[in-house]
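> what shape does this take:
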Amino acid sequence: MSSDGSKCIFINASVTATFDVYYSTDYGVTFAKKGNSIAVGTNVPYIAMSDDGNTVIGTNANSAFAYVTTNFSDASPTWESKTITGAFPCRMVVANSTCSIIYTTAQNGIFKTTNIGTTWSRLLTGNWFGIAMSKDASTIVGGQYPSGSVYISRNSGVSFSQVTSPVPTNLPWAALAVSNNGKIISVSSYLSSPIYISYTSGVSWIAYTPPDITNYQIDNSIAIQNNLFIAPYNLKSNMTGGVGAVFMSSY
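From the prediction side, this is the model:
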């Protein structure tokens, strides 16, 4: 999603279906399918985009590859495979406003590229899932998996510190979000009811319980955009049936 929310990407990807990308330039009111040039079976569930909509990068959940295009605004973008050296398998991916700084999580660390995936460096070791970043790349938040803590960097990834009480340190963290300016941060685990929110760049936190969270759980998607906080969550009793809801709140 672009910084102002006007450009959005939606992916339909699985190990058996085609890699289909849908693109909106009107704040998600309408979506158009982009040309597909990645083979059937390419599992790219996570994607990031530059503000101008030209550069897009997606990570392959089954391998150490990223797929990059720098002409996404064309009718049929050209995709290039990039090896994320040392990472396996890849998980979530985030980028700054120009895609000049990109992070991805994996089972063995958090990796960073500053040249659109040509070379990568590992910043942290361990098993990680969720990651989020401010659009200026100054604030990065990462979540450990399957049990662990949330870590935050306020100096563009130079160093990370552990987030503690009231945020638990023994849960899987997949749903993370950071506002464009890095001031507002939210983290959530599907094994815990509250959403933990910071309005102080992660210095202090509050626990907020969304409506009807007893029957639903936030999975691995969350967003802070403009003045809205958006979190889709699934029905606990039917996680494989596609039953869910969207929680939305202003801040």
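
> run through the helices of the protein in chain order.
For the chain, applying DSSP state H gives no helices.

> contact partners of stretch 109-129?
55, 57, 66, 68, 70, 82, 84-87, 91-92, 99-108, 131, 142-146, 148, 151, 157, 160, 172-174, 220 (Cβ atoms under 8 Å, 6 or more residues apart in numbering). Any C-beta I mention is one placed from the backbone N, CA and C, and that applies to glycine too.

> ok, now which ones touch the nearest residue to residue 170 once chain neighbours are set aside?
Residue nearest to residue 170 in three dimensions, not counting chain neighbours: residue 147, with 5.3 Å by Cβ to Cβ, 6 or more residues apart in numbering. Contacts for residue 147 were tallied using Cβ under 8 Å, 6+ apart; they are 170-172.

> got these as CSV, with neighbour count, distance to residue 3 and pLDDT columns?
Below are the contacts of residue 147 laid out as CSV (neighbours: other Cβ atoms under 10 Å; distance: Cβ to Cβ, whole Å; pLDDT from 0 to 100):
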residue, neighbour count, distance to residue 3, pLDDT
170, 11, 34, 95
171, 21, 30, 93
172, 19, 29, 91
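
> ok, those vs residue 1, which is closest?
Proximity of those to residue 1 was ranked by Cβ to Cβ; the top entry is residue 172 with 23.7 Å.

> need the contact list for that closest one.
Counting by Cβ under 8 Å, 6+ apart, residue 172 has contacts 129, 143-148, 189-191.

> you'd agree residue 9 is up against residue 28?
No. Counting by Cβ atoms under 8 Å, residue 9 stays clear of residue 28, with 10.1 Å between them.

> for those two, indicate the residue with more neighbours.
Per other Cβ atoms under 10 Å, whichever of residue 9 and residue 28 has more neighbours is residue 9, with 19 against 13.

> pull out the CA atoms of stretch 53-73 and give them to me as CSV.
Presented in CSV, the C-alpha positions along stretch 53-73 are these (Å, rounded to 0.1, in the frame of the first residue of the first chain):
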residue,chain,number,x,y,z
GLY,A,53,3.5,2.0,-7.8
ASN,A,54,6.4,1.1,-10.1
THR,A,55,8.5,-1.2,-7.8
VAL,A,56,7.0,-4.3,-6.2
ILE,A,57,8.7,-7.1,-4.4
GLY,A,58,7.1,-10.3,-3.2
THR,A,59,8.6,-13.2,-1.1
ASN,A,60,8.2,-16.9,-1.9
ALA,A,61,7.0,-18.7,1.2
ASN,A,62,8.5,-22.0,0.0
SER,A,63,12.0,-20.9,-0.8
ALA,A,64,14.7,-18.2,-0.4
PHE,A,65,13.5,-16.2,-3.4
ALA,A,66,12.0,-12.8,-3.9
TYR,A,67,10.3,-11.7,-7.1
VAL,A,68,10.8,-8.1,-8.1
THR,A,69,9.5,-5.8,-10.8
THR,A,70,10.4,-2.2,-11.5
ASN,A,71,7.7,-1.6,-14.1
PHE,A,72,4.6,-2.6,-12.3
SER,A,73,2.7,0.3,-13.7
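
> now it: mean pLDDT?
Throughout stretch 53-73, pLDDT has a mean value of 85.

> could you do stretch 144-163 as well?
95.

> for stretch 101-111, same thing?
94.

> low-confidence ranges, the protein, go.
Residues of the chain meeting the criterion pLDDT under 70: 12-19, 35-42, 193, 211-251.

> if we can go back for a sec, quick check, nearest of the contacts of residue 147 to residue 202?
residue 171 (16.9 Å).

> what sits closest to that closest one if chain neighbours are left out?
residue 189 (4.0 Å).

> these two touch, right, that neighbour and residue 169?
No. Look at residue 189 against residue 169 with Cβ under 8 Å: they stay out of range, at 11.0 Å.

> tally of neighbours for the closest residue to residue 7 other than its chain neighbours?
Computed as Cβ to Cβ, 6+ apart, the closest residue to residue 7 that is not its neighbour in sequence is residue 53, at 4.7 Å. For residue 53, the number of neighbouring residues by other Cβ under 10 Å comes to 16.
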